[in-house]
Each structure stands twice: as C-alpha cells, then as structure tokens.
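Could you look at this predicted model? Sequence included:
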Amino acid sequence: MYQIMLTKTNYYNNILNKVRNYNDKIFISGVAFIILTVIGLREVIVNLIPKNVEYAIGVEVGVLLTIIGLLVVVVGLTAIKVKGSILIAIILTTIIGILMGITQVPESFVTMPPSISPIDFKLDIMGALK
C-alpha cells in the first residue's frame with residue numbers, strides 16, 4: 001500500500017512540476033509581449049499580417065466557439081438522458097444563430113441541384129497534359 005501511495009505522490013509531483021514550468025514560460029512570454037508593446041514593435045508585427053489572414057483568424061475563433069457551444073449543449077442534453085440530443089443541439093444552435101443574426105433562414109429547405117450544362121462534356125484532356 002505504501003508503494004502505491006508513493007507512486008501516486010510522485011505522479012502528482014511530476015504534474016505539479018510541469019505546471020510550474022509552464023507558468024514560468026507563460027510569465028516570460030507575457031514579459032516579452034509587454035516589452036514588444038512598449039517599444040512599438042508589436043504594432044509593426046500586427047500591421048505585417050494581411051487583412052485576409054486577420055479575417056480568417058476571426059472566423060476560426062468564431063467556428064471554434066460555435067463548436068464548443070454545440071458540444072456543451074450535446075453533453076448537457078446527453079447527461080440528462082434526452083433522446084435525440086445531437087439533433088436538438090443542432091436545431092438549438094441554429095435558432096440561436098438566426099436570432100443573433102449570424103445566419104439566415106433559408107428561402108427553401110429542398111432545392112434542385114444546379115445545372116451542370118456549363119461544364120458537361122467540356123473536358124480537355126490534351127490541354128491538361130500540355
């Protein structure tokens with residue numbers, strides 16, 4: 001029994017040491033960020049990022065938050081044993097998105113696929129091989 005407790009204690013001490021090491025790295029990066037801000041280099045770096053990349057980062061964060069919200073709803077509904085929790089979560093997040101103006105109500109739920117006549121039988125194999 002003593003060996004089991006000693007092993008668990010060592011395991012938790014290793015985890016705490018790793019957390020302490022991460023705290024040091026976070027502190028150092030915070031100090032570096034403050035120094036870059038004070039000398040004005042941070043603004044130069046931010047201005048070098050293209051606008052499209054800035055927009056993509058914003059979209060990525062939004063999608064990540066949406067997925068996290070969807071998962072929270074699914075886990076919550078599953079925890080209280082609601083049948084169809086995934087479908088309910090999808091419908092609920094869609095309704096929230098519509099109310100917040102993030103998405104729009106579709107004009108129709110079922111439509112015919114677009115015509116392929118502009119591209120059908122227009123394959124140029126010889127042009128692709130040149």
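Structure's in. What do you need? Since we're looking at a predicted model, the values are computed, not measured.

Rounded mean pLDDT for stretch 30-40, please.
Averaging the model's pLDDT scores along stretch 30-40 yields 91.

which element is the residue nearest the centre of the chain on?
Note on the chain: the residue nearest the mean C-alpha position is Leu64, at 2.5 Å, using C-alpha atoms, centre = their mean. When secondary structure is defined by DSSP states H and E, Leu64 falls within helix 51-79.

Could I get the buried residue list for the helix or strand following that helix?
Remark: after helix 51-79, the chain's next helix or strand is helix 85-100, criterion DSSP H and E. If you call a residue buried by 16 or more other C-beta atoms under 10 Å, then helix 85-100 has these buried ones: Ser85, Ala89, Thr93. Any C-beta I mention is one placed from the backbone N, CA and C, and that applies to glycine too.

Can you verify my assumption that the last one contacts Thr66?
Translated: Thr93. Yes - using C-beta atoms under 8 Å, Thr93 is in contact with Thr66, at 6.8 Å.

Identify the contacts common to the two.
Taking C-beta atoms under 8 Å, 6 or more residues apart in numbering as the contact criterion, no residue touches both Thr93 and Thr66.

now the helix holding Leu64, how far from the chain's geometric center?
Per C-alpha atoms, centre = their mean, to the nearest Å, the displacement of helix 51-79 from the mean C-alpha position of its chain is 5 Å.

Could you pull up the mean pLDDT of it?
Mean predicted confidence for helix 51-79 is 89.

So what angle separates the directions of that helix and helix 85-100?
130 degrees (axes from the mean of the first three to the mean of the last three C-alpha atoms, to 10 degrees).

who does helix 51-79 touch, helix- and strand-wise?
In terms of contact count using 3 or more C-beta pairs under 8 Å, 6 or more residues apart in numbering; DSSP states H and E, helix 51-79 is assigned the packing partners helix 85-100.

Just say helix, strand or coil for Trp104.
If you look again at residue 104, you'll see it is Gln, not Trp. coil (DSSP: H, G, I helix; E, B strand; the rest coil).

quick one: it and Thr94 touch, right?
No - under the contact definition of C-beta under 8 Å, Gln104 does not touch Thr94, with a separation of 10.6 Å.
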